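S.K.: Give me a 3D structure for the following:
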Amino acid sequence: MIDVTDRHCRYFHRQLAPTARLYTEMVTTGALLYGQASRHLDFDPAEHPVALQLGGSDPYDLARAARLGAQWGYDEINLNCGCPSDRVQQGAFGACLMAEPLKVADCVRAMQDATSLPVTVKHRLGLDHEESYDFVRDFVGILYEAGCRVFIVHARNAILRGLSPRENRQIPPLRPQYAHRLKADFPDAVIVLNGGLADVASCLHWLEQLDGVMLGRAAWHHPDVLSQLHQALEPHSPLPAREEILETLLPYLARHHAQGVPMPILVRGLLGWHAGTKGARKWRRMLSDPAILNRLGPQAVRHAWRALQPGLMARAGGLASSAGQSRM
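M.R.: Sure thing, here's the model as predicted:
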């Protein structure tokens, strides 16, 4: 989720999911240790609980990066062992680390020694065409012995050669039953399912069997799935009206725009907010138009919102009807 779940996207997602745990985009140890750490680590207090997701393979560097995450006030340190991109592989981290579980265990121990925060791991089921359950069970088992207790399982293999990152999210078959088997083999571990979860029904299904679900691209392309899931899980904790969420976002956008953050970066997390409505294409087009963004700044969001009011009213009626049916 590099260049996706940045701090501005997470602030928006927090408005839709008040109690969800948010994760940063993957941040490499090199970027933190040899670049401008604040650029990658600063976040708004409203984002809590929020986890820092690290990319790296050197225990010493990961320990230093984890210590920085603790100093910045993060709630969890997560090690990415699931990204299959060529660039990440060249850095010898991400999914290719699954071939070296003992090395990952050393990394986990080093981070645990550096901070009292929970150290968690996000991983795939296997590499290339190794589809044996034994592979992921042994990987998790070694990390469990190292003290890790939270595993975010992207329930696909990672194909390290021949597939793009996008194809790696689509072509390797989903095997969520392996996550279920992991829960049976490690009952006191927290097993969170990731991959292929695109709607509330599938999330609720797996939440009956596992400890959590993680939404990635689905939350990016259809952010309303976060609010719908919140309402399904916490019906006695209603969300603010969409107009109220807008009014919360506008001062945030204005503050960061005044600090020099370009409008395209500030609004890219909002582009999918109205997916499924009659005016969704117009919304995306207006918030992607440099002329509108340059002329109106943060008020471009209100301008686009007003342009969609008939579609939003129609959609609100449809959602109310659907929710009424679900309670019966």
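S.K.: worst-scoring helix or strand of the chain, pLDDT-wise?
M.R.: helix 309-327 (a mean of 41; mean pLDDT, DSSP states H and E).
S.K.: what separates stretch 102-114 from the chain centre, distance-wise?
M.R.: Distance of stretch 102-114 from its chain centroid, counting by C-alpha atoms, centre = their mean, to the nearest Å, is 23 Å.
S.K.: what mean pLDDT would you report for it?
M.R.: Throughout stretch 102-114, pLDDT has a mean value of 98.
S.K.: Could you do stretch 166-175 as well?
M.R.: Average pLDDT, stretch 166-175: 84.
S.K.: what do you get for stretch 80-90?
M.R.: Mean predicted confidence for stretch 80-90 is 76.
S.K.: Determine the set of other helices and strands touching the helix or strand containing Leu143.
M.R.: Using DSSP states H and E, Leu143 sits in helix 133-145. For helix 133-145, the packing partners by 3 or more C-beta pairs under 8 Å, 6 or more residues apart in numbering; DSSP states H and E come out as helix 101-114, strand 119-123, strand 126-127, strand 150-154, helix 176-185. C-betas here are computed from N, CA, C, even on glycine.
S.K.: right, and these - which one's nearest Ile245?
M.R.: Among the helices and strands packed on helix 133-145, strand 150-154 comes nearest to Ile245, with 27.1 Å by C-beta to C-beta.
S.K.: Could the C-alpha coordinates of the closest one be exported in CSV?
M.R.: Taking Å, rounded to 0.1, in the frame of the first residue of the first chain, the C-alpha atoms of strand 150-154 are listed here in CSV:
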residue,chain,number,x,y,z
VAL,A,150,-0.1,-11.5,15.9
PHE,A,151,0.0,-12.8,12.3
ILE,A,152,-1.7,-11.0,9.4
VAL,A,153,-2.2,-13.6,6.7
HIS,A,154,-2.6,-12.6,3.1
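S.K.: What is it packed up against?
M.R.: Applying 3+ C-beta pairs under 8 Å, 6+ apart, one finds that strand 150-154 contacts strand 119-123, helix 133-145, helix 176-185, strand 190-194.
S.K.: List the buried residues in the second one.
M.R.: This means helix 133-145. 135-137, 139-140, 142-144 (16 or more other C-beta atoms under 10 Å).
S.K.: pull the CA atoms of the helix holding Leu143 into PDB?
M.R.: Extracted in PDB, the C-alpha atoms of helix 133-145 (Å, rounded to 0.1, in the frame of the first residue of the first chain):
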ATOM      1  CA  TYR A 133       0.200 -25.900   4.400                       C
ATOM      2  CA  ASP A 134       3.300 -27.100   6.100                       C
ATOM      3  CA  PHE A 135       5.300 -24.200   4.700                       C
ATOM      4  CA  VAL A 136       3.200 -21.500   6.300                       C
ATOM      5  CA  ARG A 137       2.700 -23.500   9.500                       C
ATOM      6  CA  ASP A 138       6.400 -23.900  10.000                       C
ATOM      7  CA  PHE A 139       7.000 -20.200   9.100                       C
ATOM      8  CA  VAL A 140       4.500 -19.100  11.700                       C
ATOM      9  CA  GLY A 141       5.700 -21.600  14.200                       C
ATOM     10  CA  ILE A 142       9.300 -20.300  14.100                       C
ATOM     11  CA  LEU A 143       8.100 -16.700  14.600                       C
ATOM     12  CA  TYR A 144       5.700 -17.900  17.400                       C
ATOM     13  CA  GLU A 145       8.700 -19.400  19.200                       C
END
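S.K.: if we can go back for a sec, and His13, which of the helices and strands packed on strand 150-154 is closest to it?
M.R.: strand 190-194 (15.6 Å).
S.K.: before we move on, back to that, and the helices and strands packed on helix 133-145 as TSV, adding distance to Thr19?
M.R.: What follows is the helices and strands packed on helix 133-145, written out as TSV (distance: least, C-beta to C-beta, whole Å):
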stretch	distance to Thr19
helix 101-114	26
strand 119-123	18
strand 126-127	32
strand 150-154	17
helix 176-185	22
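S.K.: mind giving me TSV with the ones you listed and columns for distance to Ala66 and mean neighbour count?
M.R.: TSV is the format used below for those (distance: least, C-beta to C-beta, whole Å; neighbours: other C-beta atoms under 10 Å):
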stretch	distance to Ala66	mean neighbour count
helix 101-114	4	20
strand 119-123	7	25
strand 126-127	25	21
strand 150-154	14	24
helix 176-185	24	18
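S.K.: Tell me which of the ones you listed lies nearest to Gly30.
M.R.: helix 101-114 (14.8 Å).
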